[in-house]
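Student: Sharing a model prediction with you, sequence too.
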Amino acid sequence: MIRSSSKKTLTAIVLASMLAGVLAGCSGNNDNGGSASNNGNGASAAAPSGNESNFNAEGLPIVKEPVTLNVLTVRWGNMGDSFTKNAWLQNLEKSTNVKINWEVKSSNDWGDQKAILMASGELPDIIFGDMAFTSSDIVNNLGLFRPLDDLIDKYMPNLQAAMTESPNMRKISTFPDGQIYSLPARLPARPASAMQPVINKTWLDNLGLPVPSTIDELYATLKAFKEKDPNKNGKQDEIPYSDSADIDMSMFMPFGIADLIGLGMIIQDGKPVYYPTSPQYKEAIKWANKLYAEGLIDKETFTQDGTMLTAKRQNPDAALIGFTYQWTPDAVFGKWKDQYVTIPPIVGPDGNRYQQGDPNGLSFRRNELLISATSKYAEIAARWADQFYDNEASIQNFWGAIGSSISKNADGTYTLMDPPEGTSADAWYWDSSTRDFGPKYVSPSFEQNIKLDPSTGDGLKLEIDKLGAPYVATPYPEVMYTSEEYEELPTLTTDIGGYVKSMRAQWITKGNIDEDWDAYVKKLNDMGLEKLVKIYGDAYARYSTVK
């Protein structure tokens, strides 16, 4: 059931009945098959119900006579359905005999629509992309979705091969009950490093300074940025260090705190650790307080919004920011982008470098495709989805079709074409493909055949990733929780996370962490920290046992 107030649930059900005509198109009541059986847990029959003679278990086409699947996907804002014109997707319909009725929803109003749809219990055949339903949505409504393990075993050889080559594909897809309800993806050309240290190289050159390597050298560099007019405009307007509001946790990386998903958890010696009560967190706070007290950190860090920060980064008169953490420097600094370079991770107090990211690459996604329990075509849907787990299929569903967005070269390599004049490459890829959404798998060995421009976009990120990848720390993974755990987590994380965040801001701006520390830890324990850490630990243990 959907966990919300009774009033909201009743309203959703009433609205669902009022919109029955609208939702009927999602119910999977197509013309080419009988009704699916249901075992009470969302599982349909093991063979295509009433449709065996039309179904091919191997080869193409998937069906002898055309079948239409209703497929719902959610995309950012007003992106629309231009991706459906992708030549690979259109050719897939011809080769499989599976016609797709795409229902493209906007993320702007999907929240309300999702509640109504789930209350109705009648979902389209396929949910495509991880923006539609979260793991919590799925775990708390398992009866709406088809368990997929038997379908994977019988009808999805491409996905099976991917899971064998990259076991993380199975790990991230296995729910707490041991079954798979949603399919994963491995995106191509993804780096191992997340945000990396970026510095204004022009400022360094103007002051005759080397690239800082340690936190002591970084401190001395930031002091020089503040005091010596490195932007040469005759004003003391330089901001030595500036980042997103509330201090980006990237700043704590030199202290071994490489938190990729923001839960307050890291992996140390193979075990999950809640770092906001750890000695290294305490030392990182002291370091940040020292910088703040000396005016080396933007004084508006805890009050500015994104618009204010962008205005500083792209100030029209002179570059204002000396040091930060970014994905790629060219994406944020406007006309000053050429002044900035990415540098290796800063050496911390223990003499080591730590980089936020994932040694397996930031490429794995879960919940990229679900099959509804009400679909009459679960086996057809599974075979259709398996076509996406092919190397060439995947790159065409990430950048665009071969021949229109990608060139396939005589030597077996692939290069990306230039976007149309006046269009950014990234916008073009989103228009031309399913991009981040939906099932796909690009083998690590196949990635060697993809030739990207190292000066921009995905190619630039892979190039600068070489600086950070050797130091990437194993992150606490995106684990799955039980319905009971999902019920407890919101209160625990809101209360505890809010308190940790407020104390971090207080200590960075005002100090006194030593005096407050014991009371801080006690209050966290009183708020249920032990229960929260147990939930994280249990979820990690389940995740670690999946082979």
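Tutor: Arrived safely.
Student: Dihedrals phi and psi, the residue nearest to V273 when sequence neighbours are not counted?
Tutor: Closest residue to V273 apart from its sequence neighbours, by C-beta to C-beta, 6 or more residues apart in numbering: I266 at 5.5 Å. Every C-beta, even on glycine, is put in place using the N, C-alpha and C of the backbone. Backbone geometry at I266, expressed as degrees, to the nearest 10, gives phi -130, psi 170.
Student: looking at it, D149 is touching I180, isn't it?
Tutor: Yes: the criterion here is C-beta atoms under 8 Å, and D149 meets it with I180 at 5.3 Å.
Student: returning to that earlier point: the residue nearest to V273 and Y354: what is the separation?
Tutor: Distance of I266 to Y354, given as C-beta to C-beta, to the nearest Å: 10 Å.
Student: just W507 next, same as before
Tutor: Noted for W507: a distance of 21 Å to Y354, by C-beta to C-beta.
Student: residues touching the residue lying closest to L452 once chain neighbours are set aside, list them.
Tutor: Leaving out its chain neighbours, the residue that sits closest to L452 by C-beta to C-beta, 6+ apart is G459, at 3.2 Å. By C-beta atoms under 8 Å, 6 or more residues apart in numbering, the residues touching G459 are 189, 452-453.
Student: wait, what's in contact with the residue nearest to V273?
Tutor: I266 makes contacts with 256-259, 272-273, 275, 473, 475-476, as judged by C-beta under 8 Å, 6+ apart.
Student: try it again with 10 Å
Tutor: Contact analysis of I266 by C-beta atoms under 10 Å, 6 or more residues apart in numbering lists 256-260, 272-275, 278, 280-281, 354, 356, 473-476.
Student: Can you tell me which of these are classed as buried?
Tutor: Neighbour-count burial (16 or more other C-beta atoms under 10 Å) applied to the contacts of I266 gives 256-260, 272-275, 278, 280-281, 354, 356, 473, 475-476.
Student: Among the contacts of I266, which lie within strands?
Tutor: With DSSP state E as the criterion, strands contain 272-274 from among these.
Student: Mind putting the residues you listed into a markdown table with pLDDT?
Tutor: Formatted as a markdown table, the ones in strands among the contacts of I266 follow (pLDDT from 0 to 100):
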| residue | pLDDT |
| --- | --- |
| P272 | 97 |
| V273 | 97 |
| Y274 | 98 |
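Student: Out of the residues you listed, which is nearest to Q196?
Tutor: Nearest to Q196 among those is V273, at 23.2 Å by C-beta to C-beta.
Student: mind listing the helices in the stretch 51-200 of the chain by residue range?
Tutor: 87-96, 110-120, 135-139, 149-155, 157-165, 168-171 (DSSP state H, counting those that start in this stretch).
Student: Tell me, how many residues neighbour the closest residue to N101 other than its chain neighbours?
Tutor: Spatial nearest neighbour of N101, chain neighbours left out: N70 (4.9 Å); criterion: C-beta to C-beta, 6+ apart. Neighbour count of N70, defined by other C-beta atoms under 10 Å: 21.
Student: Verify the stated contact: N70 with V104.
Tutor: No: counting by C-beta atoms under 10 Å, N70 sits too far from V104 to count as a contact (11.9 Å).
Student: Strands along the stretch 351-500 of the chain, start to end?
Tutor: 364-371, 406-408, 414-416, 440-441, 450-451 (DSSP state E, counting those that start in this stretch).
Student: just those: most buried one?
Tutor: Mean neighbour count, computed with mean count of other C-beta atoms under 10 Å, is highest for strand 440-441 among the strands of the stretch 351-500 of the chain, reaching a mean of 28.
Student: For the stretch 201-350 of the chain, just list every one of the helices.
Tutor: Using DSSP H, counting those that start in this stretch, the helices of the stretch 201-350 of the chain run over 201-207, 215-227, 279-293, 306-313.
Student: nearest to D153, of the ones you listed?
Tutor: Nearest to D153, of all the helices of the stretch 201-350 of the chain, is helix 279-293, at 44.9 Å by C-beta to C-beta.
Student: And stretch 187-198, end to end?
Tutor: With C-alpha to C-alpha, to the nearest Å as the measure, stretch 187-198 spans 25 Å from end to end.
Student: pLDDT averaged over it, what's the number?
Tutor: On average, the pLDDT along stretch 187-198 is 95.
Student: in that stretch, what's buried?
Tutor: Result for stretch 187-198 [16+ other C-beta under 10 Å]: buried residues 187-198.
Student: Among the residues you listed, which ones are in strands?
Tutor: 196-198.
Student: partners of the residue lying closest to L260 once chain neighbours are set aside in the sheet?
Tutor: Spatial nearest neighbour of L260, excluding adjacent residues (C-beta to C-beta, 6+ apart): P475 at 3.8 Å. P475 has these beta-bridge partners by DSSP bridges: I266.
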